[in-house]
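Student: have a look at this prediction, sequence included:
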Amino acid sequence: MKIGPIAQVTMLSSDIAKSVQLYSQAFGWDKTNYLKVTSAQAQSWGADLHAGAELAIVGGKSGSVRFIECNSYPEQVALKTFGWTALEVCVDDVYGYTDRAIAAGFKMLNEPVKLAGSANPLPLIAAQLAGPNGECIYITQILGDVPNFELPDVSTHSGSIFICVLGASDLAASREVLESKFQLRRASDREVAIKVLNKVYQKPLTDLHHISSLQLNGRNAIEIDQLPTAASARAKLPGYLPPGISIVSVKAEVTSPTIISLPDNALLELID
């Protein structure tokens, strides 16, 4: 089965009104009315205790974020636990969007810099910021074709979600689950210095990390990062989703929403 593009990213928030406002101001995304999690939704996630919780959705031209109100977890720290760690938004002006995001309330983790490839810098400039729910946001400007990838045209899709990042305790195991279940092309597999990880974990900026990317339909991708051994398992309470980014929903040929459990309590939802 082929999957993609990314339709929605679900994350828990102790203040969904604040989260909606933050993303709306940073990316110019549209708000929706506040809704409630249905019992059927909660059961499909294996998280019955979310039934009846407030939820809100905000999104741009492609992809959205669904916030679910939840106060059951302590504050999360971006990139420090295994699971879905980040969503990546493509933009036509990385410096302007980064300034807007900081003004809205995101916290800078790493300023806009060219991303490193296996030999030469890639035609990508990206900043990484921390959101209020334990999530990391990549704000990325695509300057040209990236070898072996199919990525959006930022002139028409600026402000769209195009990559989600899985921070893995075992990259190979997480990738094997995805590759065995779906028709995904391995777009990259390399060791690279990830400046934001080295900053968060207080490592030398030249330290290398294993990352691998899988191409999705719709010019989107899933990136899997092998997190440092200092990362920890993300807390998960019975009856609740894991905190931070809980679910990544992708388009697929299914008749009803289907949840796939990936390693590290990362949930992948297939939707029509």
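Tutor: Looks like it came in fine.

Student: which residues of the stretch 1-150 of the chain score low on pLDDT?
Tutor: 117-120 (pLDDT under 70).

Student: all helices for it, in order.
Tutor: For the stretch 1-150 of the chain, the helices defined by DSSP state H, counting those that start in this stretch occupy 16-27, 39-44, 94-104.

Student: Ile125: which of those helices is closest?
Tutor: helix 94-104 (4.8 Å; CB to CB). C-beta coordinates here come from the backbone N, C-alpha and C atoms, glycine included.

Student: now the closest one: buried residues?
Tutor: Applying a neighbour-count criterion of 16 or more other CB atoms under 10 Å, the buried positions in helix 94-104 are Val94, Tyr97, Thr98, Arg100, Ala101, Ala104.

Student: which of those residues lies closest to Glu111?
Tutor: Nearest to Glu111 out of these is Thr98 (CB to CB; 7.6 Å).

Student: spell out which residues sit in contact with that closest one, please.
Tutor: Residues near Thr98 by CB atoms under 8 Å, 6 or more residues apart in numbering: Met108, Glu111, Pro112, Ala127, Leu129, Ile139.

Student: now do 7 Å
Tutor: For Thr98, the contacting residues are Pro112, Ala127, Ile139, taking CB atoms under 7 Å, 6 or more residues apart in numbering as the criterion.

Student: repeat that for Val200.
Tutor: Counted by CB under 7 Å, 6+ apart, Val200 has contacts Leu79, Lys80, Leu109.

Student: repeat that for Lys195.
Tutor: Asn110, Val113, Leu205.

Student: got the phi and psi for it?
Tutor: Dihedral angles phi and psi of Lys195 (degrees, to the nearest 10) take the values phi -60, psi -40.

Student: now do Ser256
Tutor: Dihedral pair for Ser256: phi -150, psi 160, per degrees, to the nearest 10.

Student: picking up where we left off before, which one of the contacts of Val200 sits in the busiest neighbourhood?
Tutor: Leu79 (26 neighbours; other CB atoms under 10 Å).

Student: excluding chain neighbours, what is closest to it?
Tutor: For Leu79, the nearest residue in space outside its immediate sequence neighbours is Val200; the separation is 4.8 Å by CB to CB, 6 or more residues apart in numbering.

Student: and that neighbour, what pLDDT?
Tutor: Predicted confidence (pLDDT) at Val200: the value is 97.

Student: circling back: so which of the helices of the stretch 1-150 of the chain comes closest to Val9?
Tutor: Once the helices of the stretch 1-150 of the chain are compared by CB to CB, helix 16-27 is nearest, at 10.5 Å.

Student: how about the closest one: buried residues?
Tutor: In helix 16-27, counting by 16+ other CB under 10 Å, buried: Ile16, Ser19, Val20, Leu22, Tyr23, Ser24, Ala26, Phe27.

Student: check the gap between the first one and Ile161 for me.
Tutor: This means Ile16. Noted for Ile16: a distance of 18 Å to Ile161, by CB to CB, to the nearest Å.

Student: same check, this time on the second one
Tutor: For Ser19, the distance to Ile161 under the criterion CB to CB works out to 15 Å.

Student: likewise the fourth one?
Tutor: Relative to Ile161, Leu22 is positioned 15 Å away (CB to CB).

Student: all strands of the stretch 51-200 of the chain, in order?
Tutor: Remark: strands of the stretch 51-200 of the chain, listed N- to C-terminal, are 54-59, 64-69, 83-91, 107-116, 121-130, 136-142, 160-168, 185-193; assignment by DSSP state E, counting those that start in this stretch.

Student: the fifth one pairs with which strands, and in what direction?
Tutor: Each strand that pairs with strand 121-130, with its direction, by DSSP bridges: strand 107-116 (antiparallel), strand 136-142 (antiparallel).

Student: could you pull out the helices for the stretch 151-272 of the chain?
Tutor: Counting by DSSP H, counting those that start in this stretch, the segments of the stretch 151-272 of the chain that form helices are 154-157, 171-181, 195-200.

Student: give me the spatial nearest neighbour of Ile163, chain neighbours excluded.
Tutor: Glu88 (3.7 Å).
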